[in-house]
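Q: sequence plus predicted model, see below.
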Amino acid sequence: MGYGYLFYIVVGFCFGSILFGQIIPFLLKNVDVVEASDDGNPGTFNAFTYGGMGCGILVLLLELLKGAFPILLCASRIGRNSWLFPFVMAAPVFGHAHSIFNKGNGGKGIAVSFGVLLGLLPIWQPLVLLIIWYLLFLMAIPEKSNTRKSIYAFFAFGVSSAFIVKYKTILYGCLLISTIVIHKHYLSAIEQN
């Protein structure tokens with residue numbers, strides 16, 4: 001049974017490693033968002049900023065899909081009850097943050113995290129928690145740095161998951177995702193200074 005989960009971990013990591021935020025703007029607009037942006041992030045925000053609305057929407061949809069797809073497949077075929085399932089959840093986010101196709105460099109993992117949580121539906125609590133915290137910190141907190149807002153949002157998401165998410169394997173997956181995204185944002189903040 002463990003081999004099945006290992007398969008989905010590898011698939012999730014490989015899917016996560018595909019940096020649509022860098023590929024799509026380059027293919028459609030001949031723009032390298034890593035070079036064009038101040039933060040060098042091959043993510044959805046920079047795809048919107050440097051590739052335009054259509055490019056950004058396409059990237060967002062692909063990022064959500066690459067997060068959701070391995071989770072949906074794993075959950076429907078072998079379930080969510082193994083202690084390995086949290087790693088299945090974390091794999092697309094970790095792959096995005098440390099892409100094997102980009103020498104270990106990648107994005108910050110926000111959109112793909114939402115995709116992973118979409119893949120858990122009909123279990124909706126983790127997705128709703130992340131939406132609430134992310135919108136709260138993004139819009140309501142007068143912090144200038146989006147990096148700090150994301151760190152705060154994912155920290156709050158991880159803490160609140162411990163009280164709201166009933167399934168242990170999903171809770172541990174949420175904690176892993178929070179840790180990966182916070183760590184990646186922290187590394188990005190250090191590189192920018």
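A: Alright, I've got the coordinates. Values in this document were obtained by computation on a predicted structure and should not be read as measured data. Residues are numbered from 1 along each chain as shown.
Q: what sits against Ser150?
A: Going by C-beta atoms under 8 Å, 6 or more residues apart in numbering, Ser150 touches 108, 110, 134, 137, 181, 185. Every C-beta, even on glycine, is put in place using the N, C-alpha and C of the backbone.
Q: of all the residues you listed, which two lie farthest apart?
A: Lys108 and Phe137 (14.2 Å; C-beta to C-beta).
Q: these two: which is more packed in?
A: Lys108 (28 against 21; other C-beta atoms under 10 Å).
Q: for Met89, see how far away the closest residue to Val165 other than its chain neighbours is.
A: Among residues not flanking Val165 along the chain, Leu171 sits closest, at 4.3 Å (C-beta to C-beta, 6 or more residues apart in numbering). Distance, Leu171 to Met89, by C-beta to C-beta, to the nearest Å: 10 Å.
Q: what of Ser17?
A: For Ser17, the distance to Met89 - C-beta to C-beta - is 16 Å.
Q: and what of Lys66?
A: Distance from Lys66 to Met89, by C-beta to C-beta: 13 Å.
Q: what do you get for Glu35?
A: 32 Å.
Q: ignoring the adjacent residues along the chain, who's closest to Leu72?
A: Going by C-beta to C-beta, 6+ apart, Leu72 has Gly119 as its nearest residue, at 4.7 Å.
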